[in-house]
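# Generate coordinates for the sequence data below:
(2 chains, ligands or ions: 1)
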Amino acid sequence: MSFNIVVLAKQVPDTHNVGKDAMKADGTVNRAALPAIFNPEDLNALEQALRIKDKFPGTTVSLLSMGPVRAAKILREGLYRGADKGYLLSGREFAGSDSLATSYALSCAIKKMGKVDMIICGRQAIDGDTAQTGPQVAEKMGFPQITYTEEILDVTKKAITVKRRVERGVEVLKGKLPIVITVNGTAAPCRPRNAKRLMKYKYAKTATERQTSGTDYIDEDHSYLILNEWGANDIDHDPKWLGLGGSPTKVKSIQSVVFTAKESKKITADDVEIEEMMKELIANHTIG
Amino acid sequence: MNNLIVYLEIEDGIVGDVSLELLTKGRSLADELKCKLEAVAIGYQLDKIGDQVFPYGVDTLYLADDKRLSPYTTLPHTSVLVNLFKETEPQIAFMGATSVGRDLGPRVSSALFSGLTADCTSLEIGSYEDKKAGKTIDNLLYQIRPAFGGNIVATIVNPECRPQMATVREGVMKKEILDPNYKGTVKKLDVSKYVSDEDFVIEVIERHMEKSKLNIKGSPIIVAGGYGMGSAENFKMLYDLANTLGGEVGASRAAVDAGFVEHERQIGQTGVTVRPKLYIACGISGQIQHIAGMQDSSMIIAINNDPNAPINAIADYVITGNVEEVVPKMIKYYKKNSK
Ligand SMILES: Cc1cc2nc3c(=O)[nH]c(=O)nc-3n(C[C@H](O)[C@H](O)[C@H](O)COP(=O)(O)OP(=O)(O)OC[C@H]3O[C@@H](n4cnc5c(N)ncnc54)[C@H](O)[C@@H]3O)c2cc1C
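Residues are numbered from 1 along each chain as shown, chains lettered A, B, ... in the order given. Got it, this is the predicted structure:
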């Protein structure tokens, strides 16, 4: 028994480490100042897929990412850790996509990838925290979904059993394949890179990367070094659902956040000053 | 038609606070739009739901009452909403930004091709100029949310698609009873017309939900710790201070991510929003996403060894020093002076 698993992955700016130069003077985000990383929960998703592959050899784990050409970096990262194939969906037709247009494009790409048993992705991406892409891909594919997954407990030919963690507890759900699973950050962390795989896939490239590095030719023995790169023309789609036009939500305006500074009392860790403050708080009934 | 509808989250027959908060917000927006406020309850044994929600100003309550609809699973709840929305064409639909709302909302929005904005922190009515089409649309829902790591706030609109959907986290809006005697009408839905047997492909095998023991939202005093606390061990002094003052312990996301405390205590954009009488921020830098969840506190004390920490800008007392030194002294001098 083996499965075809698609793992959705996004390259995101590392918003957890937002430095002082992350904002430009005009209040917009300076993406260049933020390192681009593998969206953390997508790595948790990859690990769940790789565990299924460990149990059922012959399973294929394909990574799919929509993004600019530089997002190929996370596909290689996934190959180093155990994924079998990488697919990049890239092109200006996709620019300005909200989560719905993104999900539509991803679902068209998945349909082109052939028969799929499971689509696994992170619950949400740290640059938006919307958690919409997984469920929307599921709806576009007509698959059921299980979100907030902490662990895939069991998979059989037809069914999957999943433990999910929500605000106040856990649930164990059993669903039918094919299905979409979104994975929480509380799930097992992704295994590290494998040294052999790192050597093997170091030069895996997308067509655009091969062109820019002048190594366009790949002989048959090295076909594993091909990262599939698809544009809108490569997928069967209706253009009206792509990009900005396919996005029902529009950004009306953006403002940088400013807080009006308060008049504050500045003190130190000195005993007298702390005692004074505590006395004031008691006197004005804030505490006590 | 063209009303505003709120999806009610129900656990053990009780409507969740997040839904009641949305009803209060929904009522005021519905008044502004001169439309009705509606609510939909999907589950089992829903006879008591009306008593809980009518006081918040609900005009119409739809009930989809069927044993198979409880506990929540995605597809049947999606089908009820999608079919109900097709029939009643609401202009606006709200859900809690909870594990239910965030599972259901995107699925419904995808099926209806209607835009959804997650985790809104403010909702208003306004107009939008579509420059390309050369027209202005009035009475649109402004879905206001922090974007890109929260350093900016974006106002999102859905000019064309209906309903305009938004999710909001618990505690962001205030719940307020409109009139204890408010009367709305109940409409029972014939569930078999809304769901199909194929919707029941996911089976709930086990379910352990705890009633939250914590009540951070309701606590008048919150002692919150950040990454600067350094360890779970060091958090103990915050529990001591909170116990001494009669408060609860909260945390920043960095402290939660580091494993110092449980997620339930996270305050901020992706945690709970609080408005206590006193907020003591210990070793918290004050990134915008954190401030978003506590800026309405009546009084703020910041303890930080960095005199330039952003949190200081919104604090009433700025204590420049190490938490390890300051917190025990606060306990000591409270005890000494409080009787
Ligand atoms: C989409 C998104 C959503 C987010 N949602 C939230 C949210 O809901 N809530 C939230 O809190 N964050 C949220 N964040 C994360 C947020 O951006 C910050 O990373 C986080 O709030 C930082 O936590 P911190 O202040 O504890 O840590 P840090 O920024 O690392 O600050 C630690 C502080 O401790 C001080 N310090 C260190 N040692 C000591 C000492 N011994 N004594 C005194 N002070 C000391 C330092 O000077 C520093 O100011 C979100 C981020 C994103 C991108």
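# okay, now the residue of chain A found nearest the ligand: neighbour count?
Closest contact between chain A and the ligand, by Cβ to the nearest ligand atom, is at residue A:15 (3.5 Å). Backbone N, C-alpha and C define where each C-beta goes, glycine included. Counted with other Cβ atoms under 10 Å in any protein chain shown, residues neighbouring residue A:15 total 21.
# Could you point out which residue ranges in the stretch 201-339 of chain B have low pLDDT?
Scanning the stretch 201-339 of chain B with the threshold set as pLDDT under 70 gives B:212.
# could you redo the last one with a cut-off of 80?
B:210-214, B:339 (pLDDT under 80).
# for the stretch 51-200 of chain B, same thing?
Using pLDDT under 80, the stretch 51-200 of chain B drops low at B:132, B:147-152.
# Which parts of it are helices?
Assigned by DSSP state H, counting those that start in this stretch, the helices in the stretch 51-200 of chain B fall at B:74-88, B:101-112, B:191-194.
# Of the ones you listed, which stretch is the most buried?
Comparing the helices of the stretch 51-200 of chain B by mean neighbour count (mean count of other Cβ atoms under 10 Å in any protein chain shown), helix B:101-112 comes out on top with a mean of 26.
# contacting residues around that one?
With contact meaning Cβ atoms under 8 Å, 6 or more residues apart in numbering or on different chains, helix B:101-112 is reached by A:99-100, A:103, A:130-136, A:138-140, A:145, A:147-148, A:248, B:7, B:9, B:18, B:72, B:74, B:77-78, B:81-82, B:85-86, B:93, B:95, B:114-116, B:118, B:161, B:163, B:165, B:167.
# re earlier: which one of the helices of the stretch 51-200 of chain B lies nearest to residue B:233?
Residue B:233 lies closest to helix B:101-112 among the helices of the stretch 51-200 of chain B, at 33.6 Å (Cβ to Cβ).
# Which residues does residue B:317 form beta bridges with?
residue A:265, residue B:301 (DSSP bridges).
# hmm, back to that, between the helices of the stretch 51-200 of chain B, which one is closest to residue B:246.
The minimum distance between residue B:246 and the helices of the stretch 51-200 of chain B falls on helix B:101-112, with 32.7 Å, by Cβ to Cβ.
# And for residue A:256, the neighbour number?
When neighbours are defined as other Cβ under 10 Å, residue A:256 has 15 of them.
# Could you pull out the strands in the stretch 101-250 of chain A for me?
Taking DSSP state E, counting those that start in this stretch, the strands of the stretch 101-250 of chain A run over residues A:118-122, A:145-155, A:159-166, A:169-176, A:179-183, A:228-230, A:250-256.
# Can I get the ones you listed in TSV including mean pLDDT?
Output for the strands of the stretch 101-250 of chain A, formatted as TSV (pLDDT from 0 to 100):
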stretch	mean pLDDT
strand A:118-122	98
strand A:145-155	97
strand A:159-166	95
strand A:169-176	95
strand A:179-183	98
strand A:228-230	97
strand A:250-256	85
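# right, so of those, which gets closest to residue B:58?
The closest of the strands of the stretch 101-250 of chain A to residue B:58 is strand A:159-166. By Cβ to Cβ, the value is 26.2 Å.
# Return the distance of the closest one from the chain's centre.
Distance, stretch centre to chain centre, for strand A:159-166: 20 Å (Cα atoms, centre = their mean, to the nearest Å).
# Present the strands of the stretch 101-250 of chain A as CSV; the columns should include distance to residue A:86.
Formatted as CSV, those follow (distance: least, Cβ to Cβ, whole Å):
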stretch, distance to residue A:86
strand A:118-122, 15
strand A:145-155, 22
strand A:159-166, 24
strand A:169-176, 27
strand A:179-183, 19
strand A:228-230, 7
strand A:250-256, 31
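# quick one, phi/psi of residue A:100?
For residue A:100, the backbone dihedrals (degrees, to the nearest 10) come out as phi -70, psi -40.
# Quickly check: the longest helix along chain A near the ligand or not.
For chain A, the helix with the greatest residue count under DSSP state H is helix A:40-55. No: Helix A:40-55 does not reach the ligand (Cβ under 6 Å from any ligand atom); its nearest approach is 11.1 Å.
# who touches residue B:144 in this structure?
For residue B:144, the contact set (Cβ under 8 Å, 6+ apart) comprises B:120-124, B:153-156.
# now do 7 Å
Applying Cβ atoms under 7 Å, 6 or more residues apart in numbering or on different chains, we find residue B:144 in contact with B:120-124, B:153, B:155.
# next one: residue A:287
A:281, B:221, B:245, B:278, B:334 are the contacts of residue A:287 under Cβ under 7 Å, 6+ apart.
# try residue A:124
Residues near residue A:124 by Cβ under 7 Å, 6+ apart: A:41, A:130-131.
# residues contacting residue B:79?
Counting by Cβ under 7 Å, 6+ apart, residue B:79 has contacts B:194-196, B:199.
# on that earlier part again, so the longest helix of chain A versus strand A:159-166, what angle?
150 degrees (axes from the mean of the first three to the mean of the last three Cα atoms, to 10 degrees).
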